[in-house]
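Q: missing the sequence, but the structure's below:
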């Protein structure tokens, strides 16, 4: 037993061995062979697509997506499909596109990119995931700011600031009018009718509401909450024109128990009063995000789209989803998209909704199995992220070309040239090499065969 435990404990020395033997800070290959969506930018930036043709296609798509030469800022929709079988590197390609967009932030370009790792089974679920990526607290803060600015403007009927009218209505709910309602808000009675600064009291919905309810009886408090709600809903209804969206934004701002449930339902696509309003909801989300993040463009990267097309949905539900997605694209064009899916999924979309297939297939990048040249390039890219001293020359060491050739010569057709299989294998081989090889020795064909003979011809 002790010998077994001692062998397991040797993992403690592997990191030191990687540095000493191979000048690698870590084993850079993902254990699962699947791209890590939380990798830092400096790592993602090193993992350039192995095909120059693919890189050029990405560049051309991004150039055209960001271009303002067209029919205007509200007609910018352009789609790209990343197509490839399982394990062909679709997620890594999406991560690289996200990285490139992120590097463009300057006075002219500031694209905001949302990565969705699973589109969900309803369009409202996709949109809920988009807002989750933006950040629930962030979005709540943006909505509250919109409302505060709404209150500071004059009411069109009587020319008074809306916040003054709101205070008057709450004060009138009291059995005996009490000027302390205004002083509790930090506002002198003499200045009630002046243009007031709410910097201290409009911190958040809850803070302002607590101040407004101070001194009110229970029944008066309920009436005051309703007055406040009426103003909030009216603000969002006037701005976004759809009452159900206004109600939903009210739920987000107020953040009470029922709100949490409402939010969770939107995330899972189970909000009936938002159904059939997804187009308007996404338009509002994009407008708000671009405004508060000073973004010039809004880009949605949707991974695993085959989960929709050939996965969990029945044909009737899929038809409804695809029809709604087509409406989303047709009616609102102030965003761009990149969809990742396998070939079977795209063929299913072409069969069920040819118009949608043509819309999301503006551009298509096909990921193909790696050949020897592209495989070597991929392994070099991963190794370069972990080099202690990363010089100008990108090295394949401690692998050699015979090892690469062996990794490409698999028994199963689906594994031949599969980036996922090769990355998984490289992780395993580098772990074993850190244990067994001496400094200066390499991972060659014989070493690969030793540990992967069941997978190789």
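A: Sure, I can see it. Bear in mind the structure is a predicted one, so any value in this text is a computation, not a measurement.

Q: count of residues packed around residue 159?
A: Applying the criterion other C-beta atoms under 10 Å, we find 7 residues in the vicinity of residue 159. (Each C-beta comes from the backbone N, C-alpha and C, glycine too.)

Q: which residues of the stretch 251-400 of the chain fall in helices?
A: Remark: helices of the stretch 251-400 of the chain, listed N- to C-terminal, are 257-267, 278-292, 306-309, 315-331, 343-352, 354-360, 372-384; assignment by DSSP state H, counting those that start in this stretch.

Q: now the third one: buried residues?
A: In terms of neighbour count (16 or more other C-beta atoms under 10 Å), helix 306-309 has its buried residues at 306-309.

Q: ok, now which ones touch the nearest residue to residue 142 once chain neighbours are set aside?
A: For residue 142, ignoring the flanking residues on the chain, the nearest one in space by C-beta to C-beta, 6 or more residues apart in numbering is residue 292 at 4.6 Å. For residue 292, the contact set (C-beta atoms under 8 Å, 6 or more residues apart in numbering) comprises 138, 142, 145.

Q: what residues sit buried inside the helix or strand in which the last one is found?
A: Here residue 145 is covered by helix 136-152, with elements defined by DSSP states H and E. Burial within helix 136-152, assessed by neighbour count using 16+ other C-beta under 10 Å, is assigned to 139-140, 142-144, 146-148, 150-151.

Q: and which of those is nearest to residue 399?
A: Out of the buried residues of helix 136-152, the one with the shortest distance to residue 399 is residue 139. That distance is 46.4 Å, counting by C-beta to C-beta.

Q: you'd agree the closest one is up against residue 291?
A: No - under the criterion of C-beta atoms under 8 Å, residue 139 is not in contact with residue 291, lying 11.9 Å apart.

Q: count the neighbours of residue 172 for me.
A: Neighbourhood size, residue 172 [other C-beta under 10 Å]: 11.

Q: same question for residue 132.
A: Around residue 132 sit 15 other residues, with neighbours defined as other C-beta under 10 Å.

Q: list the buried residues of the helix or strand where it lies.
A: Residue 132 is part of helix 123-134 when elements are defined by DSSP H and E. Buried residues in helix 123-134, counted by 16+ other C-beta under 10 Å: 123-131, 133-134.

Q: part of a helix, is residue 86?
A: No - for residue 86, which was evaluated using DSSP: H, G, I helix; E, B strand; the rest coil, the result is coil, with no helix membership.

Q: and the residue nearest to it when sequence neighbours are not counted, what does it touch?
A: Residue nearest to residue 86 in three dimensions, not counting chain neighbours: residue 342, with 6.5 Å by C-beta to C-beta, 6+ apart. When the contact criterion is C-beta under 8 Å, 6+ apart, the partners of residue 342 are 83-86, 90, 306, 310.

Q: tell me how many other residues crowd residue 344.
A: Burial measure for residue 344: 12 neighbouring residues, criterion other C-beta under 10 Å.

Q: and residue 433, how far is that from residue 396?
A: 13 Å (C-beta to C-beta, to the nearest Å).

Q: sorry, slip of the keys, the one I care about is residue 93.
A: When C-beta to C-beta is the yardstick, residue 93 and residue 396 sit 22 Å from each other.

Q: same check, this time on residue 163
A: When distances are taken as C-beta to C-beta, residue 163 and residue 396 turn out to be 67 Å apart.
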